[in-house]
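Asks: Make a model of this:
(one chain, ligands or ions: 1)
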Amino acid sequence: MLNFTVTENYDAMSALAAWRVAKALERKPELVMTLPTGGTPIGMLQEMSRMAQQKKVDFSQAYSFNIDEYIPLKKEDPQSYYWFLDHYFYQHANLPVENRFVPDVLADDLLTECARYEQAIVDHGDFDLTVLGIGHDGHIGFNEPHATHSPVCHIIDLNEETIEANARFFTHREEVPRQAITLGMGTILKSKEIVLIANGLSKAQVMKQLFDCKRVDPLFPASFLLLHPDVTIICDQEAASLIPSLR
Ligand code: PGA
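Replies: From the prediction side, this is the model:
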């Protein structure tokens with residue numbers, strides 16, 4: 001049973017998600033977390049940064065793992081997801097550099113790199129908190145709809161819908177990478193707590209699909225969240241607008 005919370009608007013969604021991070025950090029200062037990238041989490045990351053600067057939260061003992069990264073973008077590339085987290089969060093918070101993890105998408109052997117990244121998460125005791133966005137096709141991280149899924153960190157071919165959706169962050173559509181390294185659903189589901197955020201009318205259809213789904217469907221990856229006992233979905237009124245019982 002997925003637990004939905006509807007907020008009045010994007011700012012309220014962002015503030016509530018940031019508050020959930022703060023609460024988790026209060027419970028465990030050595031929090032091991034994975035954070036989303038994309039348009040949705042910008043407000044949340046800014047709020048987390050504000051709280052860190054005002055010393056309302058302390059990330060000095062926390063660990064952060066990128067949920068995914070484009071192949072083959074360098075960390076310094078403004079289109080990389082490491083750069084994104086650095087720009088919106090790390091630069092403004094006191095999370096130590098050595099506690100920020102991202103798959104090395106330039107490694108000679110990417111399969112070995114996937115295994116190394118997975119092991120690093122296991123070595124840190126798995127995630128206490130996972131914060132997710134959601135794609136229009138129901139992807140989580142970059143776990144695209146497929147008949148089969150790798151449960152652990154793996155290389156994924158991005159589908160056309162995702163490339164199209166992410167093209168807005170690039171000057172030309174052709175610049176959008178075709179592959180990424182992503183955490184697998186098994187690793188995400190091992191997280192003690194999961195928060196998923198969504199906003200805007202463009203997410204209304206996928207939110208309705210998630211609300212209505214009753215069983216796991218690999219062609220709708222977000223449905224794997226049904227297997228987890230502690231998932232909170234925080235969405236704004238626009239994203240909830242096709243779910244009559246939440247309006
Ligand atoms: P978005 O991406 O926040 O840019 O909509 C979400 C996702 O693809 O997970």
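Asks: Just list the residues touching the residue lying closest to Lys208 once chain neighbours are set aside, thanks.
Replies: In space, Lys208 comes closest to Leu242 once its chain neighbours are excluded; the distance is 4.1 Å by Cβ to Cβ, 6 or more residues apart in numbering. Bear in mind the C-beta positions are built from the backbone N, C-alpha and C, glycine included. Counting by Cβ atoms under 8 Å, 6 or more residues apart in numbering, Leu242 touches 204-205, 207-208.
Asks: gap between the residue nearest the centre of the chain and the ligand?
Replies: Against the mean C-alpha coordinate of the chain, by Cα atoms, centre = their mean, the closest residue is Pro36 at 2.6 Å. Applying Cβ to the nearest ligand atom, to the nearest Å, the value for Pro36 to the ligand is 6 Å.
Asks: how about stretch 173-186: buried residues?
Replies: 176-177, 180-185 (16 or more other Cβ atoms under 10 Å).
Asks: Quick check: strands, which of these are part of them?
Replies: Counting by DSSP state E, the buried residues of stretch 173-186 place 180-182 in strands.
Asks: Number of residues surrounding Ala107?
Replies: 16 (other Cβ atoms under 10 Å).
Asks: That one in helix, strand or coil?
Replies: coil (DSSP: H, G, I helix; E, B strand; the rest coil).
Asks: Now do the contacts for it.
Replies: Glu113.
Asks: ok, the least confident helix or strand in the chain by mean pLDDT near the ligand or not?
Replies: When each helix and strand of the chain is scored by mean pLDDT, DSSP states H and E, helix 160-166 comes last, with a mean of 91. No - using Cβ under 6 Å from any ligand atom, helix 160-166 stays clear of the ligand, coming no nearer than 6.6 Å.
Asks: Enumerate the residues of this protein near the ligand.
Replies: 36, 38-40, 133-135.
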